[in-house]
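Trainee: Any chance you can model this:
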Amino acid sequence: MMNNLFSIFDPSTNLFNLSLNWISTFIGLMFIPYSFWFIPNRHFMMWKFISSKLHKEFKMLLGNNKFNGSTFIFISLFFFILCNNFLGLFPYIFTSTSHLNISLSLSLTLWLSFMIYGWINNSQHMFIHMIPQGTPTILMPFMVLIESISNIIRPSTLAVRLTANMIAGHLLLTLLSNTGNNMSFYLLSILIIIQILLLMLESAVAIIQAYVISILSTLYSSEVN
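Mentor: Residues are numbered from 1 along each chain as shown. Have a look, this model is predicted:
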């Protein structure tokens, strides 16, 4: 019996008082193709195709001031979030990205690293970025305040966006499935079709959210150079 509507997202599986739910974060490692151990197959070719496309896009977003290999940080972030989002759609697998513990840790770590690097190496550029070009002199203090607040809340917006989207879909699937106990066969068949459609939608959301988080992180990184 659930005490809370959101208690389905609470870690509950444990062994010797050690939580086993977060082990699902490492299940995504099973999907990484081991190109040096096996002959390249369709899985490896698809993985390489997606990686190359993401590399080209992130390279374009970072601009000319990028470091060599900097795009692989965001490619790894994309695959990490994608695997966790997608694995959470399977039964009895804990969705780690539906908790702020994971999403806020990722976004806050990236944001802090960008800010520390920017203020230490490009402090003048960071100050200039606070005031958009063409701002009247009387509005400059307000623009600095607004830009500072919008910059500070960036990691929380990234984390809440990912967590809310993951929770919303899983919660809808759970609520609909709980109503099937007292349904007739005709209504139950309609419910199953709706659940399948929602599951397809959640699969698309899992891919889109991983892409959005990695793209926004790349844009935040390009602003400090």
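
Trainee: Give the buried residues for stretch 186-199.
Mentor: Buried residues in stretch 186-199, counted by 16 or more other C-beta atoms under 10 Å: residue 198. Using the backbone N, CA and C atoms, a C-beta is placed for each residue, glycine as well.

Trainee: what is the rounded mean pLDDT of the longest helix along the chain?
Mentor: Identified as the longest helix of the chain according to DSSP state H is helix 185-222. Averaging the model's pLDDT scores along helix 185-222 yields 89.

Trainee: Quick check: which helices or strands does that helix pack against?
Mentor: helix 42-62, helix 71-87, helix 100-121, helix 154-178 (3 or more C-beta pairs under 8 Å, 6 or more residues apart in numbering; DSSP states H and E).

Trainee: For the shortest one, list every residue counted as buried.
Mentor: Right, the one you point to is helix 71-87. Neighbour counts over helix 71-87 (16+ other C-beta under 10 Å) mark 71, 73-75, 77-87 as buried.

Trainee: The third one too?
Mentor: Within helix 100-121, the residues that qualify as buried by neighbour count (16+ other C-beta under 10 Å) are 102-104, 106-108, 110-111, 114-115, 118.

Trainee: who's in contact with residue 183?
Mentor: residue 191 (C-beta atoms under 8 Å, 6 or more residues apart in numbering).

Trainee: so how far is residue 218 from residue 55?
Mentor: Relative to residue 218, residue 55 is positioned 11 Å away (C-beta to C-beta, to the nearest Å).

Trainee: Looking at the two, which is more packed in?
Mentor: residue 218 (25 against 14; other C-beta atoms under 10 Å).

Trainee: Surely that one touches residue 77?
Mentor: No - Residue 218 lies out of contact with residue 77 (C-beta atoms under 8 Å); the separation is 9.1 Å.

Trainee: which residues do residue 55 and residue 218 both contact?
Mentor: residue 71.
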